[in-house]
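[1] coords below, sequence missing:
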């Protein structure tokens with residue numbers, strides 16, 4: 001009798017375990033306001049959930065977290081506090097430096113391509129027409145860890161002989177929309193942001209593109225210890241995604257397979273950006 005009861009309890013626990021949904025924690029950093037972030041990502045998470053369930057033969061719940069800032073998101077992925085994320089290239093690279101075992105799942109496509117533009121913008125009446133004209137002017141960057149809003153913008157400035165000291169001032173505003181508004185309202189002379197934000201918020205009659213520069217599309221990345229089976233299911237679901245609503249909200253045309261070396265362009269830019277803040281020379285010992 002005891003063996004029979006124990007067997008029933010074991011079978012019940014197995015059935016219960018099979019019925020327990022797999023909870024996946026998805027994270028994203030705040031490149032826009034929270035309401036916009038939820039609007040952007042809810043459709044794509046809903047769209048990939050069912051294919052993941054079909055592949056894994058298990059019910060799946062995907063929970064979304066918006067990190068406080070880029071840095072907290074990078075640490076959360078590196079530490080394994082979330083299962084998978086959608087990051088900018090530089091955030092992926094920084095997370096990879098903290099934990100080389102993080103797993104790239106796929107990368108977004110923009111109009112079928114793996115590259116798109118970031119832009120440096122200024123008011124048309126500011127007198128700024130070239131990057132060299134930024135000498136002695138104020139500049140708005142995004143988050144300190146933003147690919148376009150900081151690293152590639154600073155790399156572009158360095159290429160044109162402009163370091164921190166050559167600017168009148170600079171400030172990190174955190175989000176692309178805040179950079180756009182800073183230029184529109186005139187609190188800063190110029191700034192760097194993604195081209196889609198420029199098109200959405202800026203009137204080209206008033207705000208001009210001073211310089212466009214190339215960037216790599218965003219990667220989706222998993223924590224180091226997420227099982228290969230789950231990673232493969234997420235990747236397959238992203239690659240097969242055809243929901244027009246989800247892709248439109250996300251601002252991409254689809255997904256492609258990816259590898260870490262796809263982001264070498266950004267790695268080079270991040271290295272170059274180091275020179276934006278010159279290392280002070282050590283004073284000789286007396």
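    It's in. Since this is a predicted model, take the numbers as computed values, not measurements.

[2] what helices or strands is the strand or helix carrying residue 140 leaning on?
    Here residue 140 sits within strand 138-141, counting by DSSP states H and E. When contacts are defined as 3 or more C-beta pairs under 8 Å, 6 or more residues apart in numbering; DSSP states H and E, strand 138-141 packs onto helix 153-159, strand 169-172, helix 176-185, strand 190-194. From N, CA and C alone the C-beta is placed, and that goes for glycine too.

[3] swap the cut-off to 10 Å and go again
    strand 115-123, helix 153-159, strand 169-172, helix 176-185, strand 190-194 (3 or more C-beta pairs under 10 Å, 6 or more residues apart in numbering; DSSP states H and E).

[4] Out of those, the one nearest residue 204 is which?
    strand 115-123 (9.7 Å; C-beta to C-beta).

[5] List the buried residues of the closest one.
    Residues 116, 117, 118, 119, 120, 121, 122, 123 are the ones in strand 115-123 that count as buried (16 or more other C-beta atoms under 10 Å).

[6] Can you pick out the most distant pair from those residues?
    116 and 123 (23.8 Å).

[7] And the strands in the protein?
    22-28, 60-66, 84-86, 103-109, 115-123, 138-141, 169-172, 190-194, 207-216, 219-222, 254-256 (DSSP state E).

[8] Given the fifth one, what are its sheet partners and their directions?
    Note on strand 115-123: by DSSP bridges, its sheet partners are strand 190-194 (antiparallel), strand 207-216 (antiparallel).

[9] for the longest one, which positions count as buried?
    In terms of neighbour count (16+ other C-beta under 10 Å), strand 207-216 has its buried residues at 207, 208, 210, 211, 213, 215, 216.

[10] Could you figure out how far it is turned away from helix 176-185?
    Orientation check (axes from the mean of the first three to the mean of the last three C-alpha atoms, to 10 degrees): strand 207-216 against helix 176-185 gives 160 degrees.

[11] tell me the mean pLDDT for strand 207-216?
    Per-residue pLDDT values across strand 207-216 average out to 96.

[12] Figure out how far that strand is from the centre of its chain.
    18 Å (C-alpha atoms, centre = their mean, to the nearest Å).

[13] tilt between it and strand 103-109?
    Using the same axes, to 10 degrees: strand 207-216 against strand 103-109 is 140 degrees.

[14] quick one: low-confidence ranges for the protein?
    1-19, 31, 280-286 (pLDDT under 70).

[15] Break it down into its structural domains.
    21-109+219-262, 115-216 (automatic domain parsing).

[16] For residue 275, which of those is the nearest?
    Per C-beta to C-beta, nearest to residue 275 of these: domain 115-216, 4.9 Å.

[17] end-to-end on the closest one?
    One end of domain 115-216 to the other measures 5 Å (C-alpha to C-alpha, to the nearest Å).

[18] Can you point out the buried residues in stretch 99-118?
    Those would be 99, 102-110, 114, 116-118, for stretch 99-118 by 16+ other C-beta under 10 Å.

[19] Quick check: the gap between residue 92 and residue 176.
    18 Å (C-beta to C-beta, to the nearest Å).

[20] just residue 146 next, same as before
    8 Å.

[21] Ok, residue 259 next?
    From residue 259 to residue 176 the distance is 27 Å (C-beta to C-beta).

[22] Residue 32 too?
    Going from residue 32 to residue 176 by C-beta to C-beta gives 7 Å.

[23] Who has more neighbours out of these two?
    Legend: neighbour count by other C-beta atoms under 10 Å for residue 32 and residue 176, higher for residue 176 (26 against 16).
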